[in-house]
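J.: sequence isn't available, so here's the structure alone:
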């Protein structure tokens with residue numbers, strides 16, 4: 001039995017697949033104050049025998065929420081003498097240029113919790129001044145003990161080039177401050193750019209105790225229920241790690257849920273022959289979109305969370321505050337807005353009947369009849385249509401619109417926000433979304449997909465089976481994976497290929513040793529990326545190198561690879577005479593799954609007859625049909641307007657679209 005449990009902002013999802021391929025799904029409300037309870041509730045609701053689970057993979061927002069809500073551990077920051085204020089000074093750039101009240105993002109470590117030590121390394125890693133160990137024991141250790149810190153983040157100047165001082169300092173702290181967790185920058189992100197490295201290290205230390213406590217509590221619950229299988233956790237790079245590995249580098253747990261959704265979309269869409277994808281994951285709180293080219297999601301080496309930079313490989317996902325629980329409101333200029341504030345899981349949309357009073361996107365669908373109350377979540381959850389109407393009535397009165405008109409306008413505003421998010425990852429990066437198929441999932445993604453696709457010019461939509469819990473399936477379908485990075489600056493010349501081989505051998509040895517210690521085998525698949533740029537440029541272009549052909553690598557070959565990638569990003573290859581340099585390397589180590597389970601319709605789903613159903617959309621009433629997704633047989637075509645439901649989501653097939661289920665249980669929507 002393989003089980004994936006993904007904790008979202010509104011619902012916690014579960015997918016279980018046994019050895020014969022039988023699918024079991026569960027969707028329960030999340031418990032924001034205790035996410036592990038929501039995860040365990042999903043296990044209980046599924047009816048799966050916990051003692052029979054052989055492989056359990058978990059994805060959670062616990063690390064992300066700890067940063068956003070500032071509920072992480074109390075952390076001390078230790079750096080080289082003279083650099084105490086690096087977390088406060090940050091960069092000179094401003095994210096809001098014309099905002100006169102702009103404030104830089106607040107770091108998770110206060111200045112009073114930042115300390116300095118006497119030591120100095122040069123940029124080449126050579127020692128200018130040795131670490132004063134006696135001063136550390138005499139001055140720093142007492143202050144750490146007095147501060148009652150849970151964790152320490154160490155980021156010494158040029159520590160990426162030589163980790164010796166960071167490792168020595170960590171050893172001293174560990175000996176004298178037992179129980180205090182220590183994160184060193186050379187172990188978290190071994191790359192240059194001091195502020196970004198310091199920010200990533202402090203955030204890793206900030207969430208590490210939170211992750212450890214969460215995993216320990218969840219594992220205790222599992223063990224108490226007879227679980228003896230393998231327990232792994234999803235990472236933001238699209239791979240998973242055993243829980244023990246996550247305890248040593250919690251920074252990779254950020255945004256693990258959205259990454260799982262992308263991997264689930266990639267695996268399931270590939271069965272129907274689609275490998276160029278725009279993934280569209282709309283849940284209760286937000287919408288996550290990602291571009292996938294030739295079956296590979298775009299990766300980025302840096303992202304920001306609450307304005308703070310994090311240097312770690314992550315699937316390049318763009319998130320916008322447009323989910324089913326997004327609150328509809330009128331701004332000071334009298335314009336209708338959707339989100340980013342959300343009703344979340346508690347109290348949730350007004351129609352959930354849990355005390356929510358504010359109008360949300362889900363309530364708008366109830367009013368428009370693009371959600372059928374008696375079919376929501378397969379009929380397992382009661383919907384209060386009168387509460388939705390009561391929540392929207394004040395907005396309707398303010399704008400002198402009918403309830404149907406205001407609800408329709410609210411959904412169109414939410415759609416516009418989603419279209420903008422997709423343009424950022426596609427057209428703004430030189431990719432034409434018309435060359436891609438859209439994969440719609442999450443509880444609300446299939447409801448909005450067709451209208452969003454029309455605005456982008458996309459003609460094909462893939463809706464996987466059990467689309468509302470696809471992220472949980474992605475946990476099961478993800479490979480085991482870790483990344484290592486290192487900064488090694490070198491000009492491109494005749495000696496560069498040999499230097500690349502040397503770096504690759506060193507990184508491979510270090511990464512494979514970690515992989516073996518985690519019990520993931522000693523023969524993984526390796527991918528190597530070199531961050532390259534013209535000398536004088538401030539930012540790099542990632543260039544993938546074929547690890548099987550590194551022995552035949554030449555300087556001209558490197559130059560050609562860089563020119564091609566530079567042209568793809570910037571639409572020109574630059575002047576070939578300009579000097580080129582490599583500044584960093586990233587090594588991906590992957591243990592591919594022996595067997596990727598197939599996602600199918602829920603084994604318990606039963607289909608009834610299609611019934612007439614009237615909907616209001618885009619300012620017009622439409623007479624259509626509604627029914628269970630399983631009622632549409634393989635190869636049978638349904639022309640919109642229509643609504644299809646299953647136990648996890650609702651699919652809208654508006655006028656101008658038709659839908660057919662293929663042999664892989666994917667529902668394919670096409671524009672007529």
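T.: Sure, I can see it. Since the model is a prediction, treat every value here as computed from it, not as a measurement. Numbers count the residues shown, from 1 in each chain.

J.: pull up the gap between residue 3 and residue 476, please.
T.: Computed as C-beta to C-beta, to the nearest Å, the residue 3 to residue 476 distance reads 8 Å. Backbone N, C-alpha and C define where each C-beta goes, glycine included.

J.: settle it for me: which of those two has more neighbours?
T.: Between residue 3 and residue 476, residue 3 has the larger neighbour count (other C-beta atoms under 10 Å), namely 28 against 24.

J.: got the contact list for the host helix or strand of residue 470?
T.: Assigned by DSSP states H and E, residue 470 falls within helix 470-477. With C-beta atoms under 8 Å, 6 or more residues apart in numbering as the test, helix 470-477 has contacts from 2-6, 8, 13-15, 17, 25, 55, 57-59, 234, 240, 257-265, 267-268, 281, 441-442, 464, 466, 593, 596-597, 599.

J.: beyond it, next helix or strand please.
T.: Following helix 470-477 in sequence order, the next helix or strand is strand 480-491 (DSSP H and E).

J.: elements contacting the helix or strand just after that next one?
T.: Next in sequence after strand 480-491, counting helices and strands by DSSP H and E, comes helix 496-517. Contacts defined by 3 or more C-beta pairs under 8 Å, 6 or more residues apart in numbering; DSSP states H and E place helix 496-517 against strand 480-491, strand 525-534, helix 555-570, strand 580-591.

J.: hmm, 6 Å instead?
T.: Contact partners of helix 496-517 among helices and strands, from 3 or more C-beta pairs under 6 Å, 6 or more residues apart in numbering; DSSP states H and E: strand 480-491, strand 580-591.

J.: returning to that earlier point: the contacts of helix 470-477, buried ones only, as a ChimeraX selection?
T.: Buried subset of these, written as a ChimeraX selection, criterion 16 or more other C-beta atoms under 10 Å:
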select :2,3,4,5,6,8,13,14,15,17,25,55,57,58,59,234,240,257,258,259,260,261,262,263,264,265,267,268,281,441,442,464,466,593,597,599
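
J.: in helices, which of the contacts of helix 470-477 appear?
T.: With DSSP state H as the criterion, helices contain 257-265, 267-268 from among those.

J.: just checking the distance from stretch 579-596 to the centre of its chain.
T.: How far stretch 579-596 lies from its chain's middle: 19 Å, per C-alpha atoms, centre = their mean, to the nearest Å.

J.: buried ones in it?
T.: Buried, per 16+ other C-beta under 10 Å, within stretch 579-596: 580-591, 593.

J.: for residue 297, state which of those is nearest.
T.: Among these, residue 588 lies closest to residue 297 (C-beta to C-beta), at 12.5 Å.

J.: surely that closest one meets residue 482?
T.: No - at 7.8 Å, residue 588 does not count as touching residue 482 under the criterion of C-beta atoms under 6 Å.

J.: next, show the common contact partners of these two.
T.: Residues touching both residue 588 and residue 482 by C-beta atoms under 6 Å, 6 or more residues apart in numbering: none at all.

J.: ok, residue 344 - contacts?
T.: By C-beta under 6 Å, 6+ apart, the residues touching residue 344 are 9, 325.

J.: nearest to residue 643, out of the helices and strands packed on helix 496-517?
T.: The closest of the helices and strands packed on helix 496-517 to residue 643 is strand 480-491. By C-beta to C-beta, the value is 38.3 Å.

J.: what comes up buried for stretch 363-383?
T.: Buried, per 16+ other C-beta under 10 Å, within stretch 363-383: 363-372, 375-378, 383.

J.: my error: substitute stretch 120-135 in the last question.
T.: For stretch 120-135, by 16+ other C-beta under 10 Å, it's 120-121, 131, 133.

J.: do stretch 59-67 as well
T.: Using 16+ other C-beta under 10 Å as the test for burial, stretch 59-67 gives 59-67.

J.: list the ones among the residues you listed that fall in strands.
T.: Among the buried residues of stretch 59-67, the members falling in strands (DSSP state E) are residue 59.

J.: next, format the ones in helices among the contacts of helix 470-477 as JSON lines and append distance to residue 636.
T.: Output for the ones in helices among the contacts of helix 470-477, formatted as JSON lines (distance: C-beta to C-beta, whole Å):
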{"residue": "257", "distance to residue 636": "34"}
{"residue": "258", "distance to residue 636": "33"}
{"residue": "259", "distance to residue 636": "34"}
{"residue": "260", "distance to residue 636": "31"}
{"residue": "261", "distance to residue 636": "28"}
{"residue": "262", "distance to residue 636": "30"}
{"residue": "263", "distance to residue 636": "30"}
{"residue": "264", "distance to residue 636": "25"}
{"residue": "265", "distance to residue 636": "24"}
{"residue": "267", "distance to residue 636": "25"}
{"residue": "268", "distance to residue 636": "20"}
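
J.: quick one: which of the residues you listed is nearest residue 179?
T.: When those are ranked by distance to residue 179 (C-beta to C-beta), residue 257 comes first, at 30.2 Å.

J.: now do the same for the closest one: its pLDDT.
T.: Residue 257 carries a pLDDT value of 84.

J.: which residue comes closest to it once chain neighbours are left out?
T.: Leaving aside its chain neighbours, residue 257 sits nearest to residue 59 (4.7 Å; criterion: C-beta to C-beta, 6 or more residues apart in numbering).

J.: who's in contact with the one you found?
T.: Residue 59 makes contact with 6, 234, 256-257, 260, 475 under the criterion C-beta under 6 Å, 6+ apart.

J.: which residues of the protein score low on pLDDT?
T.: Applying pLDDT under 70 to the chain picks out residues 378-379, 573-574, 576, 602-607.

J.: which strands and helices sit next to the lengthiest helix in it?
T.: What stands out as the longest helix in the chain, according to DSSP H, is helix 194-224. On a contact count with 3+ C-beta pairs under 6 Å, 6+ apart, helix 194-224 meets helix 35-46, helix 62-68, strand 75-80, helix 86-89, strand 151-155, strand 181-184, helix 185-188, strand 308-315.

J.: what's the angle from it to strand 75-80?
T.: Here helix 194-224 runs at an angle of 140 degrees relative to strand 75-80 (axes from the mean of the first three to the mean of the last three C-alpha atoms, to 10 degrees).

J.: which parts of helix 194-224 are buried?
T.: For helix 194-224, burial by neighbour count (16+ other C-beta under 10 Å) applies to 194-212, 214-215, 218-219, 221-222.

J.: repeat for stretch 66-77
T.: Buried residues in stretch 66-77, counted by 16+ other C-beta under 10 Å: 66-67, 72-73, 75-77.

J.: start and end of that stretch, how far apart?
T.: Its start and end residues considered, stretch 66-77 measures 18 Å (C-alpha to C-alpha, to the nearest Å).

J.: contacts for that stretch?
T.: 109, 113-114, 144, 149-153, 202, 205-207, 209-210, 305-306.

J.: from the buried residues of stretch 579-596, pick the one nearest residue 272.
T.: Residue 272 lies nearest to residue 593 out of the buried residues of stretch 579-596, by C-beta to C-beta, at 19.4 Å.

J.: how much space between the closest one and residue 570?
T.: Distance, residue 593 to residue 570, by C-beta to C-beta: 36 Å.

J.: next one: residue 613
T.: Using C-beta to C-beta, residue 613 is found at 50 Å from residue 570.

J.: neighbour count winner among these two?
T.: Using other C-beta under 10 Å, the more surrounded residue of residue 613 and residue 570 is residue 613, with 18 against 11.

J.: what values do phi and psi take at the more buried one?
T.: Note on residue 613: backbone dihedrals following degrees, to the nearest 10 are phi -150, psi 130.

J.: ok, now which ones touch it?
T.: 624-626.

J.: do the same with residue 295
T.: With C-beta under 6 Å, 6+ apart, residue 295 has these contacts: residue 275.
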